[in-house]
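S.K.: Here is the input, now give the coordinates:
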Amino acid sequence: SSGAIHKEILAQLYADDINPFPAHLAAMNLAMRNVQYPTSEMNIIVEDFFNLRARMKVLTSHIMKTPKGEIRRHITLPVFDAVTGNPPYTRGVEITAKTQKSINTSIGKHLKKYKLSGGIGKETGIYIYFMMHALSFLKKNGRLGMIVSNSWLQSDYGINFCNFLLDHFKVKAVIDFNARLFRIPLVATCVLLLEKEENLKDRNKNTTVFLYMNAESKVEEILDAIDNPQGWEA
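M.R.: Model prediction:
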């Protein structure tokens, strides 16, 4: 039935935000996808992303009404087929000491290995840390897609970040957007599409597509350009 499909889809989706307001908006948006079958069983979490781990038990952000009263559900975070997001473009120097500690706890080994400022850099965009932490949530060959600032493409720390990507992913596509395509952000953005792959030989078999978008395009056109790059102008 339509209701069963609605609940099945919701059961496969997990979302997290450090701010309760966007988390509640996400819950409302998902619930409204099928208003005929209301449900409060959504996997929406309010927590610092860097405090989360795969297979961790957490509380959902919303309250369920039951015959025994109002409760919050306990859920266990799985290892995911795909992770996607639009992390903040905040620089390391601008984040709180509490979040800095969470970042060092979750990905400190990666930061040290790839010389990304020995932990928390003054200029490194925090979106870099989101992508590094997301690695641990993915299954083998899991997919990671993020909308981030394109500043890493023009910076020294971007070289170190590239080394991290090349050691852990097949980089499927780098899509750079003309800043004028986005009316609200004041910084230019790019989309990274990655596939988790720890085997070096398999990573080396990969072909990366680089796209520069200077005109508004449909999602279908972008996907076609990734699948058939020879058919599009350089």
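
S.K.: tally of neighbours for the residue nearest to Ile9 when sequence neighbours are not counted?
M.R.: Spatially, and ignoring its direct neighbours in sequence, Ile9 is nearest to Arg33 (7.9 Å; CB to CB, 6 or more residues apart in numbering). Placement of C-beta: from N, CA and C, glycine included. Using other CB atoms under 10 Å, the number of residues around Arg33 comes to 10.

S.K.: please begin residue numbering at 22 from this point
M.R.: From this message on, residue numbering opens at 22, which makes the last subject Arg54.

S.K.: Helix, strand or coil: sort out Arg54 for me.
M.R.: Secondary structure for Arg54, judged by DSSP: H, G, I helix; E, B strand; the rest coil, is helix.

S.K.: hang on, it packs against Lys28?
M.R.: No. At 10.9 Å, Arg54 and Lys28 do not qualify as touching, with contact defined as CB atoms under 8 Å.

S.K.: List the buried residues in the helix of greatest length in the chain.
M.R.: Among the elements of the chain assigned as helix by DSSP state H, the one spanning the most residues is helix 118-134. For helix 118-134, the buried set under the neighbour-count rule, 16 or more other CB atoms under 10 Å, comprises 120-125, 127-128, 131-132.

S.K.: Adding distance to Glu242 and pLDDT, write those residues out as JSON lines.
M.R.: As requested, those are arranged in JSON lines below (distance: CB to CB, whole Å; pLDDT from 0 to 100):
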{"residue": "Thr120", "distance to Glu242": "37", "pLDDT": "87"}
{"residue": "Gln121", "distance to Glu242": "40", "pLDDT": "88"}
{"residue": "Lys122", "distance to Glu242": "43", "pLDDT": "91"}
{"residue": "Ser123", "distance to Glu242": "39", "pLDDT": "93"}
{"residue": "Ile124", "distance to Glu242": "36", "pLDDT": "92"}
{"residue": "Asn125", "distance to Glu242": "41", "pLDDT": "92"}
{"residue": "Ser127", "distance to Glu242": "37", "pLDDT": "95"}
{"residue": "Ile128", "distance to Glu242": "35", "pLDDT": "95"}
{"residue": "His131", "distance to Glu242": "35", "pLDDT": "94"}
{"residue": "Leu132", "distance to Glu242": "37", "pLDDT": "91"}
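
S.K.: between those residues, which is closest to Phe190?
M.R.: Among the buried residues of helix 118-134, His131 lies closest to Phe190 (CB to CB), at 12.9 Å.

S.K.: I figured the closest one hits Met153, correct?
M.R.: Yes. Proximity of His131 to Met153 meets the contact threshold set by CB under 8 Å, at 5.1 Å.

S.K.: what sits in contact with each of these two?
M.R.: Overlap of the contact sets of His131 and Met153 (by CB atoms under 8 Å, 6 or more residues apart in numbering) consists of Phe185.

S.K.: from the buried residues of helix 118-134, which is closest to Phe158?
M.R.: Lowest distance from Phe158 to the buried residues of helix 118-134 (CB to CB) belongs to Ser127, with 10.9 Å.
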